[in-house]
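# Make a model of this:
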Amino acid sequence: MEFQDVVRRRRMIRTFTSEPVAEPSIVRILDNAVRGPSAGFSQGQAFLVLDGEPLARFWAVLGSEVNPSLRGAPLVIVPLSCKDAYLDRYALPDKGWTDRDEARWPVPFWHIDTGMATLLILQTVVDEQLGAVYIGIDPERVDLLRAEFGIPADHEPIGAVAIGHPAADHVAGSPSTIPRRPAVDVVHRGSW
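Okay, the predicted model is just below:
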């Protein structure tokens, strides 16, 4: 599939068939996710991959406020960011800092880089002719998620991506009711 087709076809799909995601597709999705940008090549991302029985435990942790149609996805990937990997990397001599002071960072690159890895997951899903939806995780449920799946304290889940084969009647979501803002409204060249 051409890259422009991947970009144009990427949508948040909220209803899935029960068909499992093939292992080669899962491997390709994860291989692409780890190819995302990483400040200083800190590589502070990790991915919790859930299917089968662990998936039922994941939905139980998230609770009843999750849209029931999402629970039909046969695969969930939870991208996690690790701030310590970045602070450690930039305290090394080749980066010129001698400490792990978080105040040096203009924005939390650990979350930004993990977000970019998540976009690579979403784009690869489209290229694999699958569907996906990114969902947030209620901050009050993060400790439950950590306990259930043994997630280390220094790894922060930035959300989850439910993946599967789109149902024929999949839910279209917000773009079906809210138009995309045109580039002329959001792109400012040279000045605002």
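# Which of the three states applies to the residue positioned nearest the centre of the chain?
Geometric centre of the chain, nearest residue: residue 118, 3.3 Å, by C-alpha atoms, centre = their mean. With DSSP: H, G, I helix; E, B strand; the rest coil as the basis, the three-state label of residue 118 is helix.
# contact partners of the helix or strand where residue 126 lies?
Applying DSSP states H and E as the criterion places residue 126 in helix 109-127. With contact meaning C-beta atoms under 8 Å, 6 or more residues apart in numbering, helix 109-127 is reached by 1, 6-7, 9-10, 28-30, 32-39, 42, 44-45, 47, 77, 79-83, 85-86, 131-132, 134, 156, 158-159, 161, 163. C-beta here means a position set from N, CA and C on the backbone, and glycine is covered the same way.
# Now it - C-alpha only, CSV.
Only the C-alpha atoms of helix 109-127 are listed here, as CSV (Å, rounded to 0.1, in the frame of the first residue of the first chain):
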residue,chain,number,x,y,z
PHE,A,109,10.3,13.4,25.1
TRP,A,110,9.7,10.0,26.7
HIS,A,111,6.0,10.5,26.1
ILE,A,112,6.4,12.1,22.7
ASP,A,113,8.6,9.4,21.4
THR,A,114,6.2,6.7,22.7
GLY,A,115,3.4,8.6,21.0
MET,A,116,5.3,8.5,17.8
ALA,A,117,5.8,4.7,18.2
THR,A,118,2.0,4.5,18.8
LEU,A,119,1.4,6.3,15.5
LEU,A,120,3.6,3.8,13.8
ILE,A,121,1.5,1.0,15.3
LEU,A,122,-1.7,2.7,14.0
GLN,A,123,-0.2,3.1,10.5
THR,A,124,1.2,-0.4,10.3
VAL,A,125,-2.3,-1.7,11.3
VAL,A,126,-3.7,0.1,8.2
ASP,A,127,-1.0,-1.3,6.0
